[in-house]
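1. this is a predicted model, with the sequence first.
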Amino acid sequence: MEWKLLTREDYVATNWSGGTTTQLAIAPEGAVYADRDFLWRLSSATVELDHSDFTPLPDYNRFLAILDGEIKLKIDASEPFPLAPGRVVAFDGGVPVESWDKCVDFNLMVRKGRGEGAVDVLSGPCEEDWTPDPGDLAIYCASGAVRLPDFGVEAQAGQTLLCRSFEGGPVKVACEAGAVMLASVKEV
């Protein structure tokens, strides 16, 4: 089991009509988002429009969290609701989704029927025992710094720690003042 540090040089940034999306990691390695053949994808988007319609992804479940700013989100026929940092919302990628206001967000997309995912948010200072299922793990440091003392690795703001094929067991996560996104995916 090995943790890999990913930095901005490892990410793939693309422009879209409402801002920029930065792909932090994808599985399997070498998969291409546009081909829609991936198991999971982690990304962060800068939304620069006052109103935005999400790209339909009917083969994927999505997890969304806000890193900076606050938006109103409308999922399918629900009433719009506020989404601020610290909260994660999960939804079917095939339903219509709209947002209002500008933000920086964090996304996990997981292929339906092939994987299950989860996203948690930690705000520092803290030291937590995270016990994800075996599978792929990613820890994105949105701000501050994060350390995994038992593995001797750390990440600074804007960096990601990635472990493919985690075997299971607790992971001690220590973060300074700041925000850290914990994402896990297991194949089914």
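-> That came through, no problem. Residues are numbered from 1 along each chain as shown.

2. contacts, neighbours, all on C-alpha from now
-> Will do.

3. so where's this protein uncertain?
-> Regions of the chain meeting the criterion pLDDT under 70 are absent.

4. Pro96 contacts Ile75, doesn't it?
-> Yes. Using CA atoms under 8 Å, Pro96 makes contact with Ile75 at a distance of 6.2 Å.

5. in terms of neighbours, single out the busier of those two.
-> Ile75 (19 against 16; other CA atoms under 10 Å).

6. roughly how far apart are the more buried one and Leu49?
-> Noted for Ile75: a distance of 18 Å to Leu49, by CA to CA, to the nearest Å.

7. next, give phi and psi for the residue nearest to Glu154 when sequence neighbours are not counted.
-> Leaving out its chain neighbours, the residue that sits closest to Glu154 by CA to CA, 6 or more residues apart in numbering is Arg147, at 4.2 Å. Note on Arg147: its backbone torsions stand at phi -130, psi 150 [degrees, to the nearest 10].

8. who is Arg147 paired with across the strands?
-> Following DSSP bridges, Arg147 is listed with bridge partners Glu154, Ala174.

9. measure how buried it is and give me the count.
-> Arg147 is flanked by 20 other residues according to other CA under 10 Å.

10. in a helix, that's where Ala34 is, yeah?
-> Yes. If the criterion is DSSP: H, G, I helix; E, B strand; the rest coil, then Ala34 is within a helix.

11. what about the closest residue to Asp76 other than its chain neighbours, distance to Glu70?
-> Of all residues not flanking Asp76 in the chain, Pro96 sits nearest, at 4.9 Å (CA to CA, 6+ apart). Distance of Pro96 to Glu70, computed by CA to CA: 20 Å.

12. with Leu122 instead?
-> Distance of Leu122 to Glu70, given as CA to CA: 18 Å.

13. residues in contact with Pro132?
-> By CA atoms under 8 Å, 6 or more residues apart in numbering, the contact list for Pro132 reads Gly168, Gly169, Pro170, Ser184.

14. so which strand or helix has it?
-> Here Pro132, judged by DSSP states H and E, is contained in no helix and no strand.

15. so Ala118 makes contact with Ala183?
-> Yes. Using CA under 8 Å, Ala118 is in contact with Ala183, at 5.7 Å.
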